[in-house]
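Enquirer: Sequence plus predicted model, see below.
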Amino acid sequence: MTARSLIKNLLLWFVPAMSLALFATPALPHGSLQMDEDLCKLKLGHYVVHFAGYQPLDKRDPSRYTEFCEDIPDTGQTYVVLDLIDPALRKMPIAVRVLEDQGRGNDDFARVVFEMPGKSHPTGTFSYRHTFDQPGKFVGLISIEGGEEQLVARFPFSVGAKPVSIWKYVFYAIAFLAATIGLIIYGLRSHNKVLEKAGLQ
């Protein structure tokens, strides 16, 4: 196989792979929390709760907020609003806990960073506020306490995590491809010189 054909085959593989990497949307697991038509939908058993989080857009101007779903963009004061879509939920005592994420199955041993005791919310909407002092990984637990139904919604989330730029990986991939092509060309040229000296080419 010639250097030109090898390079062509590499490019035929590389271009579709990079296209998939650039345009594919990563699907990160967030437990019971899912995106649905630009809204965060929390599944509490067979019930549905809408979730929305807010942080001050500018700490010097508390009247302006940025809205988020799932991961919390920065540390600091954070507001969470929960809308109980199913009317039956409004009569049930609902509790909220936020834990340090120690991995699934270890919630009983994790440090509790926020806790709201269970109570009913006849209006169908309630909120809570918490200040995250440090970035990290956490777990939210929303549960129905007491009564016949024991339901818990668990969703992991991060606070203040720096977004990963895909262009960094694109740069690394291009550099790797260039190095690979350079090695192939160098190897084939060395191979051809050996053949020429032996009179086989």
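Expert: Done, it's in. For clarity, every value in this text was computed on a predicted model and none was experimentally measured. Numbers count the residues shown, from 1 in each chain.

Enquirer: Which helix or which strand is home to the nearest residue to residue 116 once chain neighbours are set aside?
Expert: Spatial nearest neighbour of residue 116, excluding adjacent residues (C-beta to C-beta, 6 or more residues apart in numbering): residue 96 at 4.1 Å. Glycine gets a C-beta too; all of them are placed from N, C-alpha and C. Using DSSP states H and E, residue 96 maps to strand 94-100.

Enquirer: go on, residue 70?
Expert: Per DSSP H and E, there is no helix or strand for residue 70.

Enquirer: Let me see the ranges of the helices in the protein.
Expert: 3-23, 166-197 (DSSP state H).

Enquirer: hang on, the earlier thing: now do the buried residues in the strand holding residue 96.
Expert: Of all the residues in strand 94-100, those buried under the rule 16 or more other C-beta atoms under 10 Å are 94, 95, 96, 97, 98, 99, 100.

Enquirer: now stretch 44-57
Expert: Neighbour-count burial for stretch 44-57 flags 44, 47, 49, 50, 51, 53, 54, 55, 56 (criterion: 16+ other C-beta under 10 Å).

Enquirer: taking those residues one by one, which sit in strands?
Expert: 44, 47, 49, 50, 51, 53, 54, 55, 56 (DSSP state E).

Enquirer: got TSV for those, with distance to residue 131 and pLDDT too?
Expert: Listed next are these as TSV, based on distance: C-beta to C-beta, whole Å; pLDDT from 0 to 100:
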residue	distance to residue 131	pLDDT
44	25	89
47	29	91
49	23	92
50	23	92
51	19	88
53	13	91
54	13	92
55	10	91
56	11	87
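
Enquirer: Can you name the two of these that sit furthest apart?
Expert: 47 and 56 (30.8 Å; C-beta to C-beta).

Enquirer: before we move on, back to that, need the least confident one among the helices of the chain, by mean pLDDT.
Expert: When mean pLDDT is averaged over each of those, helix 3-23 scores lowest at a mean of 53.

Enquirer: rewinding a little: ok, and what's touching the strand holding residue 96?
Expert: For strand 94-100, contacts defined as C-beta atoms under 8 Å, 6 or more residues apart in numbering pick out 82, 84, 107, 110-121, 126, 128, 130, 136-145.
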